[in-house]
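Novice: Structure, please.
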Amino acid sequence: MLTKIYGSTIHGVSAITITIEVNVDQGVGYHLVGLPDNAIKESSYRISAALKNVGYKLPGKKITINMAPADLRKEGSAYDLSIAIGILAASGMINGENVSNYIIMGELSLDGGLQPLRGVLPIAIKAREEGFKGIILPMQNTQEAAIVDNLDVLGVENIKDVIDFFNGEKMIEPTIVDTRKQFNEKITNFPFDFSEVKGQEMAKRAIEVAAAGGHNIILIGPPGSGKTMLAKRVPSILPPLTLREALETTKIHSVAGKMGAETSLMTIRPFRSPHHTISDVALVGGGTNPQPGEISLAHNGVLFLDEMPEFKRSVLEVMRQPLEDREVTISRARFTVNYPASFMLVASMNPSPSGYFPDDPNNTSSVAEMQRYMNKLSGPLLDRIDIHVEIPKVEFEQLSDKRKGELSENIRVRVMNAREIQSKRFETENINYNAQMPPKLIEKHCQLDETSQNLIKLAMAKLNLSARAFDRILKVSRTIADLEASENIQSHHISEAIQYRSLDREFWNA
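Specialist: Just a heads-up that it's a prediction; the model follows:
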């Protein structure tokens, strides 16, 4: 008897439905075809033990299983439950009348229990798109899958629950999540606030400008000046995620297996802070079985590179293309995978190997040592960072001041107002904020008066700026103007934007 069961596989951040055809016939043998990997080939042992421990057994007949499409490689152990139910239905041990109405996924333990899966959200979205009645999966994944409406999400703890469900002996209540309620309740639930930061008013202003325009920023200062503290608070002043962005971000974290059992939806912008020993594959994604990297996990959020010069140069250089294109393409001989990577880069660094500014008495680094340290960051990479800001050490008077700083909530209001101006400006374009402007739009929206023109001309000559740095200054000045709700860029906007190019100055290039 032939039975068809449906599972799913992940390709990039989307799902592809897999048809599992199970045929039980006269004879002896177990044949699994359709490009399965070793984990799937080993499923027969897990299935046999699991069925025996819940009172069933594999039929002593010839079992042929085909996983279609047969030219697409299938990976992982998540097909155990699908194959087991298919064998039981094809051999007549359970009622197989309704099995084709569901996507069935789960890894079996030897006692019949189920282990959680990766990538449940894109699987559930695909199931709804293709008109399935529901999805049967491990109980640990139900909260995540249930944010997809118009789909019955049935969570089970043991294969016996699935057998009893299809035999009509047990009802499984669908898991229901009020997505919008959960989203709205947690949308501003931030663990850190800018009011906790003492002093550093210039740095706060630079970060506000960066957040308003989606600009990349690097913070340069001695140890203990508050670089990491400032960076961790950046998500608290970014505009809240929209529901569409939340779903998009959740899909990536789901595919990477980063979602907790109690978490169904990412409600605040991600903040990723990889260690400086990270490999280039771990940062941008890829591997034998491609997975999203840190820059994709930071999609719609912040990627923080603490002590940037300590990262291997090869790791930093692979970010150059994603910083421009805002996506990563992983190419293999048989397929190509695209991962979104639209993130705000926040980096920090010490000004010298000793950690102090050249004019600080604590600085013990020679000019040559400082230059070698600075050369770890290539010019093309620094050109892609719009804002460079120096952060001095915090004085005792500031540390001992009991007054609270400005709340993140108040800064966020100004950032959102500036973003609203940008949304209206770019409503007919395929971009969202100033940092994404291509040269054509920079020319259109960054018109300068004569005073501003002369000012930037002088800066170009004195600082020996590249063409890309020139564009960055125009973008940042446009954002500063938006924060003031100014229709035109004025000379003081240009002047402030130039101040945010610290690493272009003669001081750093000596």
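Novice: F194 contacts R233, correct?
Specialist: Yes: applying Cβ atoms under 8 Å, one finds F194 in contact with R233, separated by 5.1 Å. Heads up, the C-betas are built off the backbone N, CA and C, glycines and all.
Novice: Summarise which helices and strands the longest strand along the chain is packed against.
Specialist: Using DSSP state E to define each element, the chain has its longest strand at strand 14-25. Packing partners of strand 14-25 (3 or more Cβ pairs under 8 Å, 6 or more residues apart in numbering; DSSP states H and E): strand 2-11, strand 62-68, helix 80-90, helix 120-129.
Novice: Name the residues that touch the second one?
Specialist: It stands for strand 62-68. Residues outside strand 62-68 that contact it (Cβ atoms under 8 Å, 6 or more residues apart in numbering) are 7, 18-36, 40, 74, 79, 83, 86-87, 90.
Novice: So what angle separates the directions of that strand and strand 14-25?
Specialist: Put simply, strand 62-68 runs at 160 degrees to strand 14-25, going by axes from the mean of the first three to the mean of the last three Cα atoms, to 10 degrees.
Novice: Can you give me the buried ones in strand 62-68?
Specialist: Neighbour-count burial for strand 62-68, counted by 16 or more other Cβ atoms under 10 Å, picks out I63, T64, I65, N66, M67.
Novice: One more: the last one?
Specialist: For helix 120-129, the neighbour count (16+ other Cβ under 10 Å) marks V120, L121, P122, I123, A124, I125, K126, A127, R128 as buried.
Novice: ok so, going back, buried ones among the contacts of strand 62-68?
Specialist: Counted by 16+ other Cβ under 10 Å, these give 7, 18, 20-24, 32, 34, 36, 40, 74, 79, 83, 86-87, 90 as buried.
Novice: Tell me, how many residues neighbour F426?
Specialist: Using other Cβ atoms under 10 Å, the number of residues around F426 comes to 17.
Novice: Could you report the pLDDT at it?
Specialist: F426 carries a pLDDT score of 92 in this model.
Novice: what separates it from F343, distance-wise?
Specialist: Separation of F426 from F343 (Cβ to Cβ, to the nearest Å): 19 Å.
Novice: shaky segments in this structure?
Specialist: Flagging of the chain using pLDDT under 70 yields the residue ranges 186, 188, 260-263, 358-361, 363, 504-510.
Novice: Can you tell me the centre-most residue of it?
Specialist: Central residue of the chain (Cα atoms, centre = their mean): L297, 2.2 Å from the mean position.
Novice: Please tell me I have it right and that residue contacts T250.
Specialist: No: with contact defined as Cβ under 8 Å, L297 does not count as touching T250 (11.3 Å).
Novice: Whichever strand or helix holds L283 - contacts with which helices or strands?
Specialist: Following DSSP states H and E, the helix or strand that holds L283 is helix 280-284. Using 3+ Cβ pairs under 8 Å, 6+ apart as the contact test, the elements touching helix 280-284 are helix 294-297, helix 313-317.
Novice: Return the most buried member of those helices.
Specialist: Of these, the one with the most neighbours on average (mean count of other Cβ atoms under 10 Å) is helix 294-297, at a mean of 26.
Novice: what's in contact with that one?
Specialist: 252-253, 256, 258, 270, 272, 274, 278, 282-285, 303, 319, 322, 328, 339-341, 343.
Novice: Please pick the buried ones from these.
Specialist: Buried members of those, counted by 16+ other Cβ under 10 Å: 252-253, 256, 258, 270, 272, 274, 282-285, 303, 319, 322, 328, 339-341, 343.
Novice: For the helix or strand just after the longest strand of the chain, output the C-alpha coordinates as PDB.
Specialist: Downstream of strand 14-25, the next assigned helix or strand under DSSP H and E is strand 29-33. Extracted C-alpha coordinates of strand 29-33, given in PDB (Å, rounded to 0.1, in the frame of the first residue of the first chain):
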ATOM      1  CA  GLY A  29      14.000  -4.900   3.100                       C
ATOM      2  CA  TYR A  30      14.200  -1.200   4.000                       C
ATOM      3  CA  HIS A  31      15.000   1.100   1.100                       C
ATOM      4  CA  LEU A  32      15.300   4.900   1.500                       C
ATOM      5  CA  VAL A  33      15.900   7.000  -1.600                       C
END
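Novice: Packing partners of strand 29-33?
Specialist: Applying 3+ Cβ pairs under 8 Å, 6+ apart, one finds that strand 29-33 makes contact with helix 43-53, strand 62-68.
Novice: possible to save the ones you listed as JSON lines with distance to S314?
Specialist: Listed next are the helices and strands packed on strand 29-33 as JSON lines, based on distance: least, Cβ to Cβ, whole Å:
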{"stretch": "helix 43-53", "distance to S314": "39"}
{"stretch": "strand 62-68", "distance to S314": "38"}
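Novice: Would you mind telling me which of the ones you listed is nearest N95?
Specialist: Of all these, helix 43-53 sits nearest to N95, with 16.4 Å by Cβ to Cβ.
Novice: quick one: the helices in the stretch 101-250 of the chain?
Specialist: 120-129, 142-145, 159-166, 179-186, 201-213, 227-232, 243-255 (DSSP state H, counting those that start in this stretch).
Novice: any idea which of those is most buried?
Specialist: helix 142-145 (a mean of 25).
Novice: Can you list the neighbours in contact with that one?
Specialist: The contact list for helix 142-145 (Cβ under 8 Å, 6+ apart) reads 120-121, 123-124, 135, 137, 151, 153-155, 175, 177, 250, 254, 259, 261-265.
Novice: Show me which of those are buried.
Specialist: 120-121, 123-124, 135, 137, 151, 153-155, 175, 177, 250, 254, 259, 263-265.
Novice: For E157, give its distance to D164.
Specialist: Taking Cβ to Cβ, one finds E157 at 12 Å from D164.
Novice: no, scratch that, I was asking about K74
Specialist: From K74 across to D164, the span is 28 Å (Cβ to Cβ).
Novice: And the helix holding L283, how far out from the chain middle?
Specialist: Put simply, helix 280-284 sits 13 Å off its chain's centre (Cα atoms, centre = their mean, to the nearest Å).
Novice: what do you get for stretch 455-471?
Specialist: Counting by Cα atoms, centre = their mean, stretch 455-471 is centred 34 Å from the centre of its parent chain.
Novice: those helices in the stretch 251-400 of the chain, which residues are they?
Specialist: For the stretch 251-400 of the chain, the helices defined by DSSP H, counting those that start in this stretch occupy 280-284, 294-297, 313-317, 320-325, 367-374, 379-383, 396-399.
Novice: how about those in CSV, adding distance to R414?
Specialist: Supplementary listing: the helices of the stretch 251-400 of the chain in CSV, determined by distance: least, Cβ to Cβ, whole Å:
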stretch, distance to R414
helix 280-284, 32
helix 294-297, 28
helix 313-317, 32
helix 320-325, 25
helix 367-374, 33
helix 379-383, 27
helix 396-399, 23
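Novice: among those helices, which is nearest S48?
Specialist: In terms of Cβ to Cβ, the element of the helices of the stretch 251-400 of the chain nearest to S48 is helix 280-284, at 36.5 Å.
Novice: Now do that closest one: everything it contacts.
Specialist: Residues from elsewhere that reach helix 280-284 (Cβ under 8 Å, 6+ apart): 274, 287, 293-296, 312, 314-315, 318-319, 322, 328, 341.
Novice: contacting residues for H445?
Specialist: Neighbours of H445 in contact, by Cβ under 8 Å, 6+ apart: R425, M437, R478.
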